[in-house]
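A.B. asks: pasted the sequence and its predicted model underneath.
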Amino acid sequence: MSVTLAQGMRRLGTPIAVLLGVVFIGLFVSSWLVNRDALRRAVETQIRAVTGLELVVKGHIDVSLFPGSYVSFHDVGLKGGGTEDAALRVDVLTANLQLLPLLLQRFEIADLMLLRPQINVVRQADGDTNWTPFIQTIAQTMRPGPDSQMSFSEIRIQDGILVFDDNGGHASERLDDIDLSLAWPSISRSFAATGQFDWRGQRIEGSISVSDFLAALSGDRSGLKMRLASPPLKVAFDGTVANRTSALMEGTLTVDSPSLREALRWTGQTPLGSGGFGRFALRARANVVGASIALTNVNVELDGNTAEGVMTYINNGRQTLQATLAADALDFTPYISTVRLLANGARDWNRQLFDLKALSTTDLDMRLSAAKVTVGPSKLGRTAFGANLRNGVLALSVGEAQMYGGVVRGSFGIARADTVADVKAELQFADVDLQACANELFGVSSLSGRGNLNVSLTASGSSPFGLAQSLDGSATLQGHDGSISGFNVEQLLKRLERSPLSRGGNFRTGSTPFDSLTVAVKFSEGIATAEDIRVENPTARITMTGTASVPSREYDFKGVASLLSSGSSSGFELPFVVQGPWEDPLIFPDPESLIRRAPAAAPLLDALKDRKVRSMLERFTGGGLRPAQSDDATQPDPAPSGSPTKQN
């Protein structure tokens, strides 16, 4: 007789319903007949057998078999054998029971639930912690033996707190709102944990798996995989771990961050400056021994710069980073973009105070080499340089850099003294393009040619303006085969030789070529004194002396321009003055020397020596005319800044 599907389901469902009814009735009856004290003791025994820890119950105990099967202990402490202090404290520890063994009056734990546990870890100077005895107890309990088959599948932690105190390093950390699920190792001995927690205001999701949990607890080598992910930083490790005398980890380390600056701040570090340190990625073979991390086969990316090499990081109370890296191209513009020597939109030095705190937090020893280097507007060819930061003193050394068409070598140092920066620079520019060098270093665009520049400077201040005020040292320049744009001294001298008082033509046009250029300058407290400035070509020569104020960025030079009649003998000579700002100085000839060369105007100078004539002229000129003084009087400045008219 055929049976329909619906009839078959009804016939099959009837015995299943009867079986479930029997099970529920059995559980209901068992909940009244079970010995709750025996159940509680059985649960405590199983927890001690699996973990090796003993329960210290200070609160009440809840026992339920129907509808839920569990035992809950309130205000619980877990401690290892032979120890007086509890390894951790839990507000509520709930042991959920397996259903089928319970029908047979066997009490077996399915999993544990720890609500609001409080874990305190204290690390001593010798490396041991207050958890060392408990870990030894757990490892001893889990060793293979006739009683080692008992286990439960999972331990869940909800709303936990972990406090870590490092007495040796005088540091303390706290993890809040810990939600974890721990797959407790069974016969396979593998261990895994996944979950999330709060640290320093950020939610972190993590996972960890240990291939041989017993070996790891005993200090033997075991496989380890770890992942930590948060908005500022992601870290992954895949390798092995051991802990015989100290922690040892070997494997592949991967680090990724959308902003290294924010990640460093989050971890308690102070990044240098205020620019750069954006996108960061690192992948390397890591060897971790205690507080030291050695990285090989490093591939690191920062702000679009990619390099390869080796790195070492040590944190033994003071952080130290050592690295040797090579790259095809490096761009340092993001790190110097916020270092403004001049105030925005002005010709004055920036007076904003330096932030030097980062110089005292980390030690750095780095060697970098690159085929191309960009530093702001400067383009460098093959470059090798080093950076050393120790005890607040930063030293940059350039072994050799292809720059401005030549070679640059030297060093640059910054030492911190409270809020004051002590700066020292020693640089040698060999056979460089003077136009590119002078424009980028000093903002002077009127010079061209090739030459050698040596600079030795020291300064001390809390701002760029303070450095400019205290600048000491020297600078020398030897140039050749170039020109100075803005005027043609040969044409000017020839015109003034023919007509000293002529004002025709444009004086500030053209350029003055030179075969040789010599500049020797001494700096003292921000004042540059020109000891020797000479510009020479076959037909003309220029010599200058005077000073330039670095804080006010102004020239105050006097010079003589000479036409060379034959060989090195001088013909027509014209004194002149250079005054005004570095960006656009005034250059004008000495008017008295021009007047003396004019046949019709020369007697006027002699007449001005007469007091009566001078008094009469002053009435018409309002006292603005300054005649030449007698020969026995002190000679006035031939070209005061207010008297001459700017030539065109």
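C.D. replies: Sure, I can see it. Residues are numbered from 1 along each chain as shown.

A.B. asks: report the contact partners of Phe572.
C.D. replies: Phe572 makes contact with 493-494, 496-497, 562-563, according to C-beta atoms under 8 Å, 6 or more residues apart in numbering. The C-beta positions use only the backbone N, C-alpha and C, and glycine is treated the same way.

A.B. asks: which of the residues you listed count as buried?
C.D. replies: Those of those that meet the buried threshold are 493, 496, 562-563, by 16 or more other C-beta atoms under 10 Å.

A.B. asks: hang on, the earlier thing: as JSON lines, the contacts of Phe572 with distance to Leu162, pLDDT and secondary structure would be great.
C.D. replies: As requested, those are exported to JSON lines (distance: C-beta to C-beta, whole Å; pLDDT from 0 to 100; DSSP: H, G, I helix; E, B strand; the rest coil):
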{"residue": "Leu493", "distance to Leu162": "85", "pLDDT": "79", "secondary structure": "helix"}
{"residue": "Lys494", "distance to Leu162": "88", "pLDDT": "80", "secondary structure": "helix"}
{"residue": "Leu496", "distance to Leu162": "87", "pLDDT": "75", "secondary structure": "helix"}
{"residue": "Glu497", "distance to Leu162": "91", "pLDDT": "74", "secondary structure": "helix"}
{"residue": "Ser562", "distance to Leu162": "84", "pLDDT": "88", "secondary structure": "strand"}
{"residue": "Leu563", "distance to Leu162": "87", "pLDDT": "86", "secondary structure": "strand"}
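
A.B. asks: which of those residues sits closest to Ala395?
C.D. replies: Nearest to Ala395 among the contacts of Phe572 is Ser562, at 45.8 Å by C-beta to C-beta.

A.B. asks: give the contact list for the closest one.
C.D. replies: Applying C-beta under 8 Å, 6+ apart, we find Ser562 in contact with 493, 540-543, 570-574.

A.B. asks: I'd like those residues as a markdown table, with secondary structure and distance to Tyr555 appended.
C.D. replies: Formatted as a markdown table, those follow (DSSP: H, G, I helix; E, B strand; the rest coil; distance: C-beta to C-beta, whole Å):
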| residue | secondary structure | distance to Tyr555 |
| --- | --- | --- |
| Leu493 | helix | 21 |
| Ala540 | strand | 21 |
| Arg541 | strand | 20 |
| Ile542 | strand | 14 |
| Thr543 | strand | 15 |
| Ser570 | strand | 24 |
| Gly571 | strand | 27 |
| Phe572 | strand | 24 |
| Glu573 | strand | 21 |
| Leu574 | strand | 18 |
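
A.B. asks: can you put these in CSV and add distance to Leu182?
C.D. replies: Shown next, in CSV, are the contacts of Ser562 (distance: C-beta to C-beta, whole Å):
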residue, distance to Leu182
Leu493, 92
Ala540, 89
Arg541, 88
Ile542, 84
Thr543, 85
Ser570, 95
Gly571, 98
Phe572, 97
Glu573, 94
Leu574, 92
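
A.B. asks: which among those residues end up buried?
C.D. replies: For these, a neighbour count by 16+ other C-beta under 10 Å gives the buried set as 493, 540-543, 572, 574.

A.B. asks: follow-up on the earlier one: let me know the closest of the contacts of Phe572 to Val310.
C.D. replies: Distance ranking of the contacts of Phe572 against Val310, using C-beta to C-beta, places Ser562 first at 61.1 Å.

A.B. asks: now do stretch 317-334: distance to the chain's middle.
C.D. replies: 10 Å (C-alpha atoms, centre = their mean, to the nearest Å).

A.B. asks: averaged pLDDT, that stretch. What do you get?
C.D. replies: If you average the pLDDT over stretch 317-334, you get 89.

A.B. asks: try stretch 518-532
C.D. replies: Here the average pLDDT along stretch 518-532 is 94.

A.B. asks: now do stretch 396-410
C.D. replies: Per-residue pLDDT over stretch 396-410 has a mean of 91.

A.B. asks: what do you get for stretch 153-170?
C.D. replies: 87.

A.B. asks: same deal with stretch 446-455?
C.D. replies: Stretch 446-455 comes out at a mean pLDDT of 92.

A.B. asks: how about it, which residues are buried there?
C.D. replies: Across stretch 446-455, burial judged by 16+ other C-beta under 10 Å covers 447-455.

A.B. asks: for stretch 465-482, same thing?
C.D. replies: The neighbour-count check on stretch 465-482 (16+ other C-beta under 10 Å) flags 465-477, 479, 482 as buried.

A.B. asks: quick check: the two most widely separated of those residues?
C.D. replies: Using C-beta to C-beta, those reach their maximum pairwise distance at Gly466 and Gly482, which is 34.2 Å.

A.B. asks: isn't Ala192 up against Phe213?
C.D. replies: No: between Ala192 and Phe213 there is no contact under C-beta atoms under 8 Å: 9.3 Å.

A.B. asks: more crowded one of the two?
C.D. replies: Phe213 (21 against 17; other C-beta atoms under 10 Å).

A.B. asks: which residues of the stretch 401-550 of the chain fall in helices?
C.D. replies: 434-442, 464-469, 489-498 (DSSP state H, counting those that start in this stretch).

A.B. asks: select, out of those helices, the one closest to Asp422.
C.D. replies: Nearest to Asp422, of those and by C-beta to C-beta, is helix 464-469 at 9.6 Å.
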